[in-house]
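# Got a sequence here, can you model it:
(chains A and B, ligands or ions: 2)
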Amino acid sequence: MTRPILEAKGLHVAFNGVKAADDVSIAIHDGEFLAIIGPNGSGKTTLLNICTGYIRPRSGRVLLDGHDITRLSPRAIARRGVARAFQIPQLFSAQRVIDNMMLGLAATDGLWSAVRRLETAARRDEAMALLDLVGLAGDADRISSTLPEGHRKLLDIALALALKPRLLLLDEPTSGVSALERFPLMEALMSALRQRRITALFVEHDMDVVARYASRVLVWNAGNIMAEGRPDEVFSNAQVRQRVVGVA
Amino acid sequence: MRTLLAAAAVLTLAVLPIAAPWLQFVLTLAIAKGFAALGVAVLLRAGLISIGHAMFFAASAYAVTFLARAGIHDLGLLLIFSVLAGALVGAVAGSFLVRYRAIFFAMLNLAVSMVFYALCAKLYGVTGGTDGMAVPVPTVFGLVLSEPAFKSVLFYLSLGLMVLVGVSVQRYLNSPLGHALAAVHTNEIRLEYLGVPVWAVLLIAYVVSAALAGLGGAIAGFAIGRVVPDFAFWTASGHLVLIAVLGGIGGVPGAFIGALFLELLHSAAVTVTDSWNLIVGMTLIIVIMFMPQGVYGLFARKEASNL
Ligand SMILES: Nc1ncnc2c1ncn2[C@@H]1O[C@H](COP(=O)(O)OP(=O)(O)OP(=O)(O)O)[C@@H](O)[C@H]1O
Ligand SMILES: [Mg+2]
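Ligands and ions are numbered 1, 2, ... in the order given. Just a heads-up that it's a prediction; the model follows:
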């Protein structure tokens, strides 16, 4: 295999004695769609927090393209092409949906212009295309705090895509999204990822989604990886079925 | 429609002093305070309340007198350099203040401005102490003017600058940087995750706001003809916050409308009563309770949105 895009080595994190990562090592390779599953509170979000520089591990390292990013800020890591969508949507809630998107797009190009308008025709089109992708085109002019929870989740994902990342980290992309919208969202997301050559890691509770879309699955339990492999391999593992699939 | 309304308002302001000459001073001072309140309003966008912006107001006014002593007598140059001085003080103070939020930001601004006030009052040899310093009548494009003529020039210049600077600030607020500023208020974490350096966005805003306060201070110094430490006193800073809130958070015309409203109310009130603070307090209560958009909100059309 090629060198991993993102690699974590020997991560240790504990909160008040509770181990959220206990000697965790993972690697994501180019073109993968890696799923992480595991029970609530097992440390999945914490892993994303470490990989994006939001928290520092007690020990261990995170490498992006072989470079150590363990001590970098979320901002510095974002600038290296890693975007994140959040478990709880992180939006500019007082702003319109379209303004959220245009600000996301401007972050990679013209943020430093203090005289040109944020809203240009080109940027608006690009924002609308991304909103269309996640099915939010009809909500463009709404204030984002007024969106239903599921749609806020979609906007959060679109905002991550606006960064044009190489690597996308998704924290439960389908949670809060209605069962009807779940598969259309995943289809749209997968085609966008393929088209834009984005590698992705996603934490997910919906096993149907994992089985259908993941190229590889990591099973998380109490701060550890208890199993790893193709979805069909992992789901036939008796221990996994009992400990994770049943409760997740 | 809005442009027409604004043009009519500016035109009215322009002719008012012809009908009532005593208004010229009041209006000049109102516009000066409007600039400073606009500076405060810029930071309000990011959810940051500065109770110390009178410091920049005073800094630029003092800068005018220092520059005049150093041999600069041209109005344009004095304005430009004194505003730059205000911006410079803003860059220095801002570089550590923008790390703080909420009550800490408000209180630290207050604290820094009180140190500045104390220095102005104590350093008698430099600042003239509590007596302050006289602001000389400058030349305008090499012309030596009489004081009344200069005050008229100052008024119309302030009016012109109000339009020009107001439009520029509006552009800034509509730009990516201006939107990022508002985004600091709603979700700083997401902004960082988009790769945006929040401290830089805030520092730029802080310097802009200090420059605006400085412009106001320089104009006020010229209009009054004297600069005293009280320019920087915390009640003056509070007054600017009051105007910004009165004018409605964020609106550019709002800051000037709020300032005009308050100054006119003041000059009307002092002739009939000495309970000026009572009137200000009551007005503020009414505005905050019944017009959360500020006085400006009365005139602004509602944005079309399907809430
Ligand atoms: N900042 C923090 N401070 C203290 N404890 C924390 C912090 N972040 C996470 N934890 C704890 O670490 C453990 C792992 O949390 P984490 O959010 O990573 O789990 P998760 O696998 O994402 O769970 P879920 O499926 O509910 O999202 C939990 O026990 C949680 O309470
Ligand atoms: Mg989680």
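# Would you mind listing what in chain A touches chain B?
A:52, A:73-75, A:78-79, A:83-84, A:90-96, A:99, A:102-104, A:106-108, A:110-119, A:141-143, A:146, A:159, A:162-163 (CB under 8 Å from any CB of the partner chain). Yep, even glycine has a C-beta here, placed from its N, CA and C like the rest.
# Next secondary structure element downstream of the helix or strand B:Ser60 falls within?
Using DSSP states H and E, the element containing B:Ser60 is helix B:54-69. Later in the chain than helix B:54-69, the nearest helix or strand by DSSP H and E is helix B:75-97.
# Tell me the buried residues within the residues of chain A next to chain B.
Neighbour counting by 16 or more other CB atoms under 10 Å in any protein chain shown classes A:52, A:74-75, A:78-79, A:83-84, A:90-93, A:95-96, A:99, A:102-104, A:106-108, A:110-111, A:114, A:118-119, A:142-143, A:159, A:162-163 among those as buried.
# got any ranges where the chain has weak pLDDT?
Picked chain A for this. Chain A contains residues with pLDDT under 70 at A:1, A:110, A:114, A:244-248.
# not quite, I wanted chain B
Judged by pLDDT under 70, the stretches of chain B that qualify are B:248-250, B:273, B:290-307.
# Now with 80, please.
B:1-2, B:15, B:21, B:125, B:142, B:247-251, B:269-277, B:279-307 (pLDDT under 80).
# Contacts only, for the most centrally placed residue in it.
Note on chain B: the residue nearest the mean C-alpha position is B:Ala36, at 0.6 Å, using CA atoms, centre = their mean. By CB atoms under 8 Å, 6 or more residues apart in numbering or on different chains, the residues touching B:Ala36 are B:His53, B:Ala54, B:Phe56, B:Phe57, B:Leu212, B:Ala213, B:Leu215, B:Gly216, B:Gly217, B:Leu240.
# circling back: so what does the helix holding B:Ser60 touch, helix or strand wise?
For helix B:54-69, the elements it packs on are helix B:23-45, helix B:75-97, helix B:102-122, strand B:133-134, helix B:198-224, strand B:226-227, helix B:234-246, judged by 3 or more CB pairs under 8 Å, 6 or more residues apart in numbering or on different chains; DSSP states H and E.
# in chain A, which spans are helices?
Shown for chain A, the helices assigned by DSSP state H span residues A:44-51, A:74-79, A:97-108, A:121-134, A:149-162, A:179-195, A:207-213, A:231-235, A:238-240.
# Can you get me a residue count around residue 239?
Going with chain A. A:Gln239: 11 surrounding residues under other CB atoms under 10 Å in any protein chain shown.
# let's do chain B instead
20.
# Likewise for B:Ala180?
27.
# contacting residues around the closest residue to it other than its chain neighbours?
Nearest non-adjacent residue to B:Ala180, counting by CB to CB, 6 or more residues apart in numbering or on different chains: B:Val201, 4.7 Å away. Neighbour list for B:Val201: B:Ala46, B:Leu177, B:Ala180, B:Leu181, B:Val184, B:Leu191 [criterion: CB under 8 Å, 6+ apart].
# give me that answer again for 10 Å
If you count contacts by CB atoms under 10 Å, 6 or more residues apart in numbering or on different chains, B:Val201 has them with A:111-112, B:46, B:98, B:176-181, B:183-184, B:188, B:191.
# Quickly note the distance from it to A:Arg197.
Taking CB to CB, to the nearest Å as the measure, B:Val201 falls 31 Å from A:Arg197.
# cool, and B:Leu13?
59 Å.
# Could you do A:Gln90 as well?
25 Å.
# I'd assumed B:Ala111 was in contact with B:Ser237.
No: if you go by CB atoms under 10 Å, B:Ser237 and B:Ala111 don't touch, sitting 11.3 Å apart.
# Which neighbours do those two have in common?
Common neighbours of B:Ser237 and B:Ala111 (CB under 10 Å, 6+ apart) are B:Ile51, B:Gly52.
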